[in-house]
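1. Provided below for reference: sequence and predicted model.
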Amino acid sequence: MRASAAHYLRIVPRSSLRVKPSAITPAPAPQVTELHQPTIIDVLTKRRDAAGSQWPQNLRIEPVLKREALQNVRAEVRSDLKALLRER
């Protein structure tokens, strides 16, 4: 017979552990500054606008299209409309 997982489990009392309080580090603070940084699409759009005609034709930036924008469009037309909105 195989041993079950409970067979390998042993509960050790906390008092028997010798862990220094300094060894336990507190959780890091949330990094709010990352929330306010521009996204990569924003950065690339600004670079494309600044470059003008010098921007390479093979680098395309498709606009972010939210679901709410196409919410009132019929389902059979929606996929064709999405394809038309893609930058070529």
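-> Yep, that arrived. Numbering: from 1, shown residues only.
2. Let me know the pLDDT of the residue positioned nearest the centre of the chain.
-> Centroid-nearest residue in the chain: T39, 10.9 Å away (criterion: C-alpha atoms, centre = their mean). The model reports T39 with a pLDDT of 84.
3. what stretches of the chain score poorly on pLDDT?
-> 1, 23, 33-34, 87-88 (pLDDT under 70).
4. Spell out the residue ranges of the helices in it.
-> With helices called from DSSP state H, the chain shows them at 5-8, 40-51, 75-85.
5. need the ones you listed in a markdown table with distance to A27 and mean neighbour count, can you?
-> Bear in mind the C-beta positions are built from the backbone N, C-alpha and C, glycine included. Shown next, in a markdown table, are the helices of the chain (distance: least, C-beta to C-beta, whole Å; neighbours: other C-beta atoms under 10 Å):
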| stretch | distance to A27 | mean neighbour count |
| --- | --- | --- |
| helix 5-8 | 29 | 7 |
| helix 40-51 | 28 | 12 |
| helix 75-85 | 41 | 10 |
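6. Reformat these as CSV; add distance to V64.
-> Shown next, in CSV, are these (distance: least, C-beta to C-beta, whole Å):
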stretch, distance to V64
helix 5-8, 46
helix 40-51, 7
helix 75-85, 11
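7. follow-up on the earlier one: if I look at the residue nearest to the centre of the chain, how far off is R74?
-> Counting by C-beta to C-beta, to the nearest Å, the gap between T39 and R74 amounts to 31 Å.
8. what do you get for E62?
-> According to C-beta to C-beta, E62 and R74 sit 22 Å apart.
9. Repeat that for S22.
-> In terms of C-beta to C-beta, S22 sits 64 Å off from R74.
10. Next, count neighbours for L65.
-> For L65, the count of nearby residues is 12 (other C-beta atoms under 10 Å).
11. which residues touch the residue nearest to it when sequence neighbours are not counted?
-> In space, and not counting its chain neighbours, L65 is closest to L85: 6.2 Å by C-beta to C-beta, 6 or more residues apart in numbering. L85 is in contact with E62, P63, L65, counting by C-beta atoms under 8 Å, 6 or more residues apart in numbering.
12. The first one touches R86, doesn't it?
-> Yes. The pair E62 and R86 qualifies as a contact (C-beta atoms under 8 Å) at a distance of 5.5 Å.
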